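Chemist: what shape does this take:
(one chain, ligands or ions: 1)
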Amino acid sequence: MEDKLEAFQDFYPDDYSHCYGCGRLNEHGMQIKSYWDGEESVCRIHPRDYYTGGMKHIVYGGLIASLIDCHAAGTAAAAKIKELGQEMTRETMPRFVTANLNVNFKAPTPIGAEIELRGKVLEIKGRKVTIGVDLIAEGVVCAEGQALMIQVKETL
Ligand SMILES: CCCCCCCC/C=C\CCCCCCCC(=O)SCCNC(=O)CCNC(=O)[C@H](O)C(C)(C)COP(=O)(O)OP(=O)(O)OC[C@H]1O[C@@H](n2cnc3c(N)ncnc32)[C@H](O)[C@@H]1OP(=O)(O)O
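Modeler: This is a model prediction of the structure:
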């Protein structure tokens, strides 16, 4: 039986699938999965309870930034291919890296809760795609991020 490809990250080519946050081939990584939900993108994840940030009951801010970063990268690739009017495949999926990431930490993120990331495409300008991401836990927007993703030149 063929593997079922569904999430944006499932369409990253193998040589691009080793990212700690979103690479499906990184067995030690978080392997996040992002999908379209209407015009927004969504990712749900339950971080392990040792990703603590100072106190035992809150999530480490670096992990929060990583989740926002990787969800934004996937959303940028999916948005770009949608703009081009193409289907997501491992051959067509464009490759993006982060040029800039800003995160506002609005409230502590509780350990043990499911985290939902919701992405919005703010701008697509050639190789530059700007994505806004809200990180939500227990109904509270705990962090807001904005990322500038750049489509890498295919010579890399
Ligand atoms: C790293 C090389 C790529 C290799 C490919 C494989 C990588 C595998 C990595 C992961 C795989 C998983 C996939 C998900 C990834 C998840 C997220 C990450 O963790 S990514 C890792 C962290 N990020 C980096 O390491 C980027 C390091 N930076 C760069 O490589 C370059 O600076 C890059 C590609 C971002 C841009 O370099 P230029 O030479 O292609 O393009 P220029 O001409 O400099 O910029 C293009 C436009 O973007 C603007 N720009 C560039 N950086 C900017 C910035 N920091 N702020 C604002 N604007 C910026 C420029 O002003 C320019 O704009 P105008 O076209 O003139 O309008």
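
Chemist: under a three-state scheme, what state does residue 15 occupy?
Modeler: For residue 15, the assignment made with DSSP: H, G, I helix; E, B strand; the rest coil gives helix.

Chemist: give the contact list for the most centrally placed residue in the chain.
Modeler: Geometric centre of the chain, nearest residue: residue 71, 0.9 Å, by Cα atoms, centre = their mean. By Cβ atoms under 8 Å, 6 or more residues apart in numbering, the residues touching residue 71 are 22, 32, 34, 41, 43, 117, 119, 133. Any C-beta I mention is one placed from the backbone N, CA and C, and that applies to glycine too.

Chemist: report the buried residues of stretch 101-115.
Modeler: 101, 103, 108-109, 111, 113, 115 (16 or more other Cβ atoms under 10 Å).

Chemist: and the ligand, which of the contacts of residue 71 reach it?
Modeler: With Cβ under 6 Å from any ligand atom as the criterion, the contacts of residue 71 include residue 22 near the ligand.

Chemist: and the chain, which residues reach the ligand?
Modeler: Proximity of the chain to the ligand is confined to 16, 19, 22-23, 69-70, 73, 95, 97-100, 127-128, 148, 150, 152-153, 156 under the rule Cβ under 6 Å from any ligand atom.

Chemist: on that earlier part again, what is the nearest of the contacts of residue 71 to the ligand?
Modeler: residue 22 (5.5 Å; Cβ to the nearest ligand atom).

Chemist: any low-confidence regions in this structure?
Modeler: Scanning the chain for pLDDT under 70 picks out the ranges 1-4, 155-156.

Chemist: where do the helices of it begin and end?
Modeler: Counting by DSSP state H, residue ranges of the helices within the chain are 61-83.

Chemist: ok, residue 69 touching residue 98?
Modeler: Yes - judged on Cβ atoms under 8 Å, residue 69 makes contact with residue 98 at a distance of 5.6 Å.

Chemist: shared neighbours of the two, anything?
Modeler: In contact with both residue 69 and residue 98: residue 147, using Cβ under 8 Å, 6+ apart.

Chemist: looking at these two, which is more packed in?
Modeler: residue 69 (21 against 16; other Cβ atoms under 10 Å).

Chemist: tell me how many other residues crowd residue 57.
Modeler: 13.

Chemist: oh, that last question was meant for residue 15, not what I typed.
Modeler: Count around residue 15 with other Cβ under 10 Å applied: 8.

Chemist: how much space separates it from residue 93?
Modeler: Here residue 15 is placed at a distance of 12 Å from residue 93 (Cβ to Cβ, to the nearest Å).
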